[in-house]
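*Asks:* whatever this is, show me its structure:
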Amino acid sequence: MSEQQPSSEQIRLPARKRGRRKFFSGLAIGGLVGGILATSFAAWSQGQPGPGRGCGWHGRHAAVTPEERAARADFASEWVLSRVDATEEQKARIKVIVQDALKDMTQIREQHVRNRDAFMTALSQPTVDRESLKQIRQAELQLADTASDRFVNAIADAADVLTAEQRSKLVELAQQFRRW
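*Replies:* Below is the predicted model:
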C-alpha cells in the first residue's frame with residue numbers, strides 16, 4: 001500500500017494544540033507565581049487579632065506589626081522558592097519584589113480600614129445618607145482595582161525572575177495544594 005500524504009489541515013492542527021497548550025501553561029504559570037505572592041501576602045492579610053478577626057490559629061497568631069508581616073512574607077517566599085530550586089540571587093530578587101508589594105498593599109489595607117470605618121459611621125447615623133455610602137463604595141472599588149493592579153504587577157515581576165522550568169515546578173506544587 002502507498003503511504004498517504006498528510007493534508008494541510010492535519011499539519012496545522014498540532015500547531016493549534018501547541019498554541020493552546022502554551023496559552024494554558026502560561027495561565028497556570030501566572031497563577032502559580034500569583035500563588036507565591038499570595039502565600040507571601042498571607043502575612044499582610046492577617047490583621048490585628050481580636051474579636052471577630054480570624055478563627056482558631058489565625059486569630060491568635062496573626063502578624064501584628066509590619067516587621068512580623070515582613071518576616072512572615074520572607075518565610076513564605078523562602079519556603080515556596082526552595083521547592084523549585086531557586087538560586088540565592090532569584091530568592092533575593094523575589095523577596096525584594098514581595099516586600100515592595102507588601103508595603104504598597106499595607107497602605108491599601110490601611111485605606112480600606114478607613115473606608116470601612118467611614119461606612120460604619122455612615123450607617124450608625126439617625127438617617128442613612130445613601131450618597132455617602134455610594135461614595136465610600138466607589139472608593140472601595142477604586143482601592144480594589146489598585147490592589148489588583150499592584151498584585152498583578154508583582155506577579156509579573158516575580159515571573160520574570162524565574163525560569164520556565166521553575167515556573168513549571170511551581171505549577172506542580174500548586175496542583176498539590178489546590179483546594180478546588
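
*Asks:* so where's the chain uncertain?
*Replies:* In the predicted model of the chain, residues 1-63, 179-180 satisfy pLDDT under 70.

*Asks:* which residues in it form helices?
*Replies:* Listed in chain order, the helices of the chain (DSSP state H) span 8-45, 56-60, 66-82, 88-123, 130-161, 164-176.

*Asks:* what's the angle from the fourth one to helix 66-82?
*Replies:* This means helix 88-123. Put simply, helix 88-123 runs at 130 degrees to helix 66-82, going by axes from the mean of the first three to the mean of the last three Cα atoms, to 10 degrees.

*Asks:* residue 133 - how many residues pack around it?
*Replies:* 14 (other Cβ atoms under 10 Å). For the C-beta atoms, the positions are set from N, CA and C on the backbone; glycine is no exception.

*Asks:* actually, residue 171.
*Replies:* By other Cβ under 10 Å, 19 other residues sit near residue 171.

*Asks:* cool, and residue 138?
*Replies:* 10.

*Asks:* same question for the one 4 residues further on.
*Replies:* The local packing count at residue 142 equals 12, with neighbours defined by other Cβ under 10 Å.
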